[in-house]
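> Quick one, what's the 3D model for this:
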Amino acid sequence: MEKLPRSKGCFVCGTPEENSRSLGVDIFWNSEEKKTEISISPDFTWCGYEGVVHGGIIASVFDDAMAWAVRQETGSWAVTGEMSVRYLRPVKAGTMYHVEGRVEKISGRRINASAVMTEDGGRKAAEASALFIGLGEKKQPA
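Predicted coordinates for the structure are as follows:
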């Protein structure tokens, strides 16, 4: 599994030393299963109200999981055109969760992606789907 680079200014995957507001999430690429993988244990600063993670934080993590999956699959960046999130149960601070993002379909510059968040035991907590619009730039070789 490959650890993906951080984006300095990113709210989700930025470096906390350079962006004090960043969640500092590590994102990994599973090339065998063609998906991003993120493990998080939200703390109280992620909460909308006591003990329950704010839905916007969950949506932001989903957005990064899917955007990086698009980047890895297509070789270029894309922007989120539309996203839908279903919250199935409260996401609680201090609990471990796993997020996966993947590309479902590519049609020209239109890329459909999905993401899911599960608790440590495998029970689904939330899910998302999104339409990304490819920017067409190819990533530079490392």
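
> Tell me how far residue 9 lies from residue 136.
Distance of residue 9 to residue 136, computed by C-beta to C-beta, to the nearest Å: 22 Å. Backbone N, C-alpha and C define where each C-beta goes, glycine included.

> What residues are bridge-paired with the residue nearest to residue 3 when sequence neighbours are not counted?
Distance criterion C-beta to C-beta, 6 or more residues apart in numbering; nearest residue to residue 3, sequence neighbours excluded, is residue 28 at 5.5 Å. Bridge pairing for residue 28 (DSSP bridges) gives the partners residue 3, residue 37.

> again with residue 117
Bridge pairing for residue 117 (DSSP bridges) gives the partners residue 99, residue 126.

> And it, what's its pLDDT?
Note for residue 117: predicted pLDDT of 98.

> okay, now it: neighbour count?
When neighbours are counted by other C-beta atoms under 10 Å, residue 117 registers 25.

> How about the contacts made by it?
Residue 117 makes contact with 58, 61, 62, 91, 97, 98, 99, 124, 125, 126, 127 under the criterion C-beta atoms under 8 Å, 6 or more residues apart in numbering.

> same question, residue 103
Applying C-beta under 8 Å, 6+ apart to residue 103 gives the contacts 34, 69, 70, 73, 74, 111, 112, 113.

> How about the contacts made by the first one?
Residues in contact with residue 34, defined by C-beta under 8 Å, 6+ apart, are 69, 72, 73, 102, 103.

> For residue 70, see how far away the last one is.
Right, the one you point to is residue 103. Separation of residue 103 from residue 70 (C-beta to C-beta): 6 Å.
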